[in-house]
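S.K.: here is my input, please return the structure:
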Amino acid sequence: MTLAAVDFDLRLKDLGVTGRDRQALVFVEEGRAMSYDELNSVTEGLKHELMSGLSELGPACLLVDSPDGIGSYLLLVAALRCPVPVALRSRLDGDRTAESLLRAGIAVLDASQMGTLHALSPGPGCAREQVPPHALILPTGGTSGEGRRVIDVRTRMVPSQPRPLRLTSVLGWRPHQVQMMASIPPHASSMSFLVEGLADGNTIVVPAGFRASAFLELIDEHQVRWIQSTPFHLRMMQKADNGNVSLGSVRALVHMSARCADDLKRYWIQRLGPEKVYETYGSTEGVGVTVVDGNEWLERPGTVGKGFFTKVRIVGPNGETVPPGVQGTVYTSAGRRGAQVYLNSRGDVRRSADGSVSVGDEGWLDPEGYLYLAPRSLSRITVAGETFDAEDLESVLCDHPDVADAGVCSVERGEDWARVIALVVPEGESLSEAELRLWLRSRVTTAIVPRRIFRVAALPRDGAGKVSRRRLQDLGERLASTGRSE
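M.R.: All right, here's what the predicted structure looks like:
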């Protein structure tokens, strides 16, 4: 058995005794709270069922769905107690994770529905990739749209780490706290905070999906102390924050996963206090992480912080380390030297001679070692000789009271020019394209005002709130070709 699975398994058994009456999971939609005693008992039984299925299959990986209710959360916890690799299938994933595992020569026990376990074996001639038994296989590539599977070897090890080595040690985290997360597994940080939260005896409030006003009310109702969010969720909560909630219980608000607009960041710093707002920059690939708190950010607006047990350097086009203030490719070193990052080794990370790695982000360091990120290429748009970040225009659009969500892309028209279009999710029925374009003209330059604005029911976002730029582009091109909203 692996140390990671044993530690998590034994920790839940211990909490089932020492913290038996403490609430472990509060499922808002079902109106049910589960104690650590009940959580341990139920998931122990499920674990034995899973292990029985695995015994008939031999060395294999468990495949479970991204959780969205009591049953799927309990199944995920049970899987994490088993000493085998666990793969998570996202809602948009279909059979791709299972297919990736089989191509890697790894047998699969599909446990998406207890009672109907499905065993899948790789075909003949498939060489088995070596995946550690404590690994999590997580989908990534949500922004780019490229489906990859990351071999995460850190998340299940967190409960066995000394507390000062844990990222949460600098994020206002306390054992036995009440926590709530806006994004859901298989988002890597959500998985990590779920595992660590349960191992620390926390009470985890599980919302019924994400509705901004309800999320804010739950903070007060359950006296939530620690919150994980993303800029997308923060923007929605800002719009829903009408002053009817105090948020006085909050000790830490941690956001990640995408660039946060300055105005949005300042809003939450003012709302909660700079000492309670934290930002992290990292990736599902687990190749390093930076951290910045609100006070540091106010002194250096735009930074994503310094490395946490992570060395950060900026590399120029010829592989040279560039000085502070010069933009280049971000490379980090945090202990995964030489380790395989992706299942099937697809689209492996960039590696330098010193063992540091990059997932392709661009940025620069200031003289004190604080990292600043440049816009990702997929979100950069050039029209009429002006280059801008789509996320900046999306942030402005979301400031409009009748816009619930917005995405921006460009549609090519011939070789020499492109036009900007926006896809917006309306808040109510009063949104007018002409009125919205007029409103934008007073806030952005004329060149980047969208030539067309289409209404859509929803944007292609994943559970972490990230928009898939490739799917957004496909949707935009389809709407532009028809000239009609959905």
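
S.K.: how near is residue 122 to residue 107?
M.R.: 6 Å (Cβ to Cβ, to the nearest Å). Every residue, glycine included, has its C-beta placed from N, CA and C.

S.K.: can you check residue 133 too?
M.R.: 13 Å.

S.K.: I'd like the average pLDDT over stretch 470-486.
M.R.: Averaged over stretch 470-486, pLDDT sits at 88.

S.K.: got the contact list for that stretch?
M.R.: For stretch 470-486, contacts defined as Cβ atoms under 8 Å, 6 or more residues apart in numbering pick out 144-146, 378, 407, 409, 411, 421, 423, 452, 454-457, 459-460.

S.K.: buried members of the residues you listed into ChimeraX, please.
M.R.: In ChimeraX, this line selects whichever of the contacts of stretch 470-486 come out buried by 16 or more other Cβ atoms under 10 Å:
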select :144,145,378,407,409,411,421,423,452,454,455,456,459,460
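
S.K.: give me the neighbour count for residue 445.
M.R.: Neighbours of residue 445 under the rule other Cβ atoms under 10 Å: 11.

S.K.: need the contact list for the closest residue to it other than its chain neighbours.
M.R.: Spatial nearest neighbour of residue 445, chain neighbours left out: residue 386 (6.7 Å); criterion: Cβ to Cβ, 6 or more residues apart in numbering. By Cβ under 8 Å, 6+ apart, the contact list for residue 386 reads 445, 447-448.

S.K.: list just the nearest of these to residue 117.
M.R.: Minimum distance to residue 117 across these is 52.4 Å, recorded for residue 448 (Cβ to Cβ).

S.K.: pretty sure that closest one contacts residue 382?
M.R.: No. Using Cβ atoms under 8 Å as the test, residue 448 is too far from residue 382 to be in contact (10.0 Å).

S.K.: more neighbours: the two, which one.
M.R.: residue 448 (20 against 12).

S.K.: tell me how far the more buried one lies from residue 397.
M.R.: 11 Å.

S.K.: next one: residue 424 from residue 213, what distance?
M.R.: 20 Å.

S.K.: so these two - more neighbours on which side?
M.R.: Shown here are residue 424 and residue 213; by other Cβ under 10 Å, residue 424 has more neighbours (26 against 15).

S.K.: residues touching the more buried one, list them.
M.R.: Neighbour list for residue 424: 397, 403-407, 431, 436, 453-456 [criterion: Cβ under 8 Å, 6+ apart].

S.K.: which stretches of the stretch 251-400 of the chain form strands?
M.R.: 252-255, 277-281, 290-293, 303-307, 311-315, 328-333, 350-351, 357-358, 362-365, 371-373, 380-383, 386-389 (DSSP state E, counting those that start in this stretch).

S.K.: check which helices and strands the second one is in contact with.
M.R.: By that I understand strand 277-281. When contacts are defined as 3 or more Cβ pairs under 8 Å, 6 or more residues apart in numbering; DSSP states H and E, strand 277-281 sits against strand 252-255, helix 262-272, strand 290-293, helix 294-299, strand 303-307.

S.K.: correct me, but residue 171 touches residue 278?
M.R.: Yes. Contact criterion Cβ under 8 Å: residue 171 and residue 278 qualify, at 5.1 Å.
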